[in-house]
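Student: how does the following fold in three dimensions:
(chains A and B)
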Amino acid sequence: MTGTLTFEPDDPINAFLTTCRKAEYNNGPLSGIPVAVKDNISTKGIETTCASKILKGYVPPYDAHVVSLLRAAGAAVAGKTNMDEFGMGTTTENSAFGPTLNPRDTGRVPGGSSGGSAAAVASGMVKMALGTDTGGSIRCPAAFCGIVGLKPTYGRVSRYGLIAYANSLEQIGPMAQSVTDITKLFSVIAGHDPRDSTSCDRPFSHAPSADIKGLKIGIPDEYFGKGVDPAVAGIVRKAIAKLEELGATTVPCTLPSMQYALAAYYVTCTSEASSNLARFDGVRYGPAADAKKSWHDAYRDVRRQGFGPEVRRRIMLGTFALSSGYYGKYYAKAQVARANVRADFLRVLSDVDVIAGPTMPTIAFKLGEKSDPLSMYLSDILTVPANLAGIPAISVPCGISEGMPVGLQIMGRHFEDERVIDVAYAYEQAVKA
Amino acid sequence: MSADQVIVGLEVHCQLDTKSKLFCGCSTDYRSDGPNTHVCEVCLGLPGSMPVLNKKAIEYAMRVAKALNCEVLTESEFSRKNYFYPDLDKAYQITQYDKPLAEKGILEIDGDDGEKKIRITRIHVEEDPGRLVHMGNAERGRYSLVDYNRAGIPLIEIVTEPDMRSPKEARKFLNKLRATLEYLGVFDSEKEGSLRVDANISIVGSERVEVKNITSYKGVEKALTFEVTRQKNLIRRGQKVERETRHFLEARGITQSARSKEQEHDYRYFPEPDLRPLRVKSWVADVVLPELPDARRERFISQYGCSANHARTLTGELRLANFFESVVAPDPAGLSVPAATWVADTLIGELNYRSMSIDTLEPPAFTGLLRLLMAGTITDKSAIEVLRIMLDQHLKGETAETPDAIVARLHLAKTSGDDGALRAAIKEALAENPKAVADYRAGKAGACNFILGQVMKKTRGRADPAELNRLLTEELQKGA
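Tutor: Purely as a prediction, here's the structure:
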């Protein structure tokens, strides 16, 4: 079955930056299914901006590996979704093209940075979408919008064509209404790609199983501690109790290195970003530099006008952290802290099968609520550890607080994405019944 | 060390002669093609593209590491060197920083005072940036264009300890390094821009100066000689040598202070997150080295009876050594000795004079020339004339004649007693110079030489001197 899909959604929530009105599709497991793609994933012939003015008008001459796989699986690339500029944010308010609104409550943010993808799925415009997760950017909007989102094990999905924000942390992953759809999309995009030297030969072909009898779940104190909204914590505890009803056992545990996780995360991601984003200079693509000025002045103007405030802030932070004299104090130290976080998780996961807790410490913020960058950074505390450790993590809806969805986060061992999917599936099936 | 001892250390960047670039599949054979024709999303640094390491480039670098007796690190790593410049598409260069491929090596050279070991600090692998083409000059030109064909060409950087004691030794090191790299089959010195050198030079007790932007073998010696004079003059006048970076301006043969801004770079190195650490130490055992210059030199002496000097010259460049062996192959016993002399003493000079590569000359043609000489068909002088004609024909792109054809066309074969032409020339010369003849008969032996010269002129050097002497004496005595 091949054909053209007409995709003209009513989009009052600004989920899409680009919609493909006539989306072609082919035969395959996803034949004819419209899939939304986050705007930091390169799509041949379709404008790809990372929600930044500096890439306005940039049309990639090549498809990201995952997009090639989507097309080969028959999917129709329906459009490109809104996001925080270059993935830098937790609300999708940092888009140069206006925020995406949460379909559950348009006075609230959808989460971020894959807010457009989450909102497009939650509002039913598409069945599934690709997001990217550097420090929670799939799981946070999934939790805030009440859908399922998976951050795969680092290396499980090729990053080739993903416009890098923080290479060592980020993964492309599936977002959908149901765990079953997550597995459908994940089985298409997972696997080795020789063009991404960090990708592994670990394809995914797992049918989710709801049988979790005997599963051992670690419950870290840190995921229910200071800063976590008691209402959210309560809903998540109830969800974990449900898993116990299904035959799982729970074990309390601690992850002491978590106190350094946020700092390690922000030093690492801003450092990598300062280097990754240096190429946007107006010479080869995007709004052109003024050729009458000296190259140095032209670069400065293009970058000053092209990047939004949060991106500029992170570039400056990262540039500082890598500077000679400060490298050892910041970047090198962050790598030590990162190794400690990883070791902590591996230690706990040698005893338990998965770790469970809330995805986000609160429900979705009101628009404009997190105007102070530091308080926004703090809200990433429960998601960044999985990125630092490189382990798989899924967020599945587990209840409602103040009318807004709450996400249950399940984290597992490296390359045991199947297991976190099964736990999410078991919960989803149990509450559906 | 004497008070004004010169101390030199080098950083040599060489393009590895791989078929494809260091991090993508683009061809490295870009020199005869238009700008930006050998590019893809990776070497253009398009958003989202990722590097994939070219295994061949690492194999080549490993050969160099082994040939220079380096230790290969158990784990080496690629890093990003961050700086803005329009020829640098990603605004960082993927290179190696604190974990290079190999370190602690030795290259033995023929130094100012005999054999000398130059210590190699490290060898690392990195990518070449693109190239700027300025419309007008770089400072005041209207605009500049960028060509990314060169972006991503694999380079190795070889860093030495400050072990050289003169500009000449630096040049000798470079020549030896070039020969070694070419013997290893990893480098082609004839490709434009394939070598770039930064040199650190100081006079003992004074600050060190880095001279950048040296792009030729001769340039290294020239730049350093200029610096030695400049620095010694400063010291002699009681002034201080500033610690600084200077650029070599090849056309003017001088070095010029780089603007101080360029020294303030903070490259913010950090490990390249898109590449895995490199663990290739175990490959060292499998690297099979070919015969290297020193071994070949010894073989040339023992196998072909070359003099030490000829052997050194002939094996100092891979092409020259190969050419020599091809030339003598048909008859090593008969051709080795004259071939060594003719290649090392004559041919190199003629090639340099024309800025020609030895590749343009076919070894069989040169063998043919030597055979004409050995058979006594032509004189040394005629052989040079034939060689020059052959080279000029190549230079002008004309159809190259064989040595035999040139000899026949220009009647360069030795005139002999059986050849009437020589006798006729003698008779002519005698008739034209009655005074000299009379002088000779009056007992002035010197007059004979004068007549001899006149005959040589008429025969344009074709006459075999011994034969001519015999015939001339015969003619002169006849008339007496």
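
Student: just say helix, strand or coil for the residue of the stretch 251-400 of chain A found nearest chain B.
Tutor: Proximity of the stretch 251-400 of chain A to chain B (Cβ to the nearest Cβ) peaks at residue A:278, 3.4 Å away. Every residue, glycine included, has its C-beta placed from N, CA and C. Assigned with DSSP: H, G, I helix; E, B strand; the rest coil, residue A:278 falls in the helix class.

Student: could you do the one 10 residues further on as well?
Tutor: The three-state label given to residue A:288 by three-state DSSP is coil.

Student: my guess is the residue of the stretch 251-400 of chain A closest to chain B contacts residue B:91. True?
Tutor: Yes: judged on Cβ atoms under 8 Å, residue A:278 makes contact with residue B:91 at a distance of 3.4 Å.

Student: are there residues contacting both of the two? Which ones?
Tutor: B:82, B:84 (Cβ atoms under 8 Å, 6 or more residues apart in numbering or on different chains).

Student: quick check, pLDDT for the residue in chain B that chain A sits nearest to.
Tutor: Residue of chain B nearest chain A, by Cβ to the nearest Cβ: residue B:91 (3.4 Å). Residue B:91 carries a pLDDT value of 96.

Student: do the same with residue B:435
Tutor: 85.

Student: give me the distance from the helix or strand of chain A with the lowest mean pLDDT to the chain's centre.
Tutor: Between all helices and strands in chain A, the lowest mean by mean pLDDT, DSSP states H and E belongs to helix A:373-378, at a mean of 88. With Cα atoms, centre = their mean, to the nearest Å as the basis, helix A:373-378 stands 17 Å off its chain's centre.

Student: residue B:76: neighbouring residues, count only.
Tutor: 24 (other Cβ atoms under 10 Å in any protein chain shown).

Student: what about residue A:87, how many residues close to it?
Tutor: Quick note: residue A:87 (other Cβ under 10 Å) scores 30 neighbours.

Student: tell me the contacts of it?
Tutor: A:40, A:50, A:113, A:132, A:134, A:137, A:165, A:170.

Student: list the contacts for residue B:59?
Tutor: Counted by Cβ under 8 Å, 6+ apart, residue B:59 has contacts B:283, B:287.

Student: and it, what pLDDT?
Tutor: 96.

Student: tell me which element it is part of?
Tutor: Here residue B:59 sits within helix B:55-67, counting by DSSP states H and E.

Student: what sits against residue B:420?
Tutor: So residue B:420 contacts nothing (Cβ under 8 Å, 6+ apart).

Student: what does chain B have sitting close to chain A?
Tutor: By Cβ under 8 Å from any Cβ of the partner chain, the residues of chain B that approach chain A are B:41, B:44-53, B:80, B:82, B:84-86, B:89-92, B:143-144, B:146, B:266, B:268-270, B:273-276.

Student: what about 6 Å?
Tutor: Within chain B, the positions adjacent to chain A are B:41, B:45, B:47-48, B:50, B:52, B:80, B:82, B:86, B:90-92, B:143, B:266, B:268, B:270, B:273-276 by Cβ under 6 Å from any Cβ of the partner chain.

Student: in helices, which of the residues you listed appear?
Tutor: With DSSP state H as the criterion, helices contain none of the residues of chain B next to chain A.

Student: sort out which of those residues are buried, if you could.
Tutor: Those of these that meet the buried threshold are B:41, B:45, B:47-48, B:50, B:52, B:80, B:82, B:86, B:90-92, B:268, B:270, B:273-275, by 16 or more other Cβ atoms under 10 Å in any protein chain shown.

Student: so what are the domain limits for chain A?
Tutor: The record's domain split for chain A, according to automatic domain parsing, is A:3-189, A:216-259+A:336-372+A:408-432.

Student: okay, and the beta partners of residue A:216?
Tutor: residue A:249 (DSSP bridges).

Student: residues touching it, list them.
Tutor: Counting by Cβ atoms under 6 Å, 6 or more residues apart in numbering or on different chains, residue A:216 touches A:249, A:352, A:353.

Student: what do you get for residue B:287?
Tutor: Here residue B:287 is in contact with B:62, B:63, B:66 (Cβ under 6 Å, 6+ apart).

Student: what about 10 Å?
Tutor: B:59, B:62, B:63, B:64, B:65, B:66, B:67, B:72, B:184 (Cβ atoms under 10 Å, 6 or more residues apart in numbering or on different chains).
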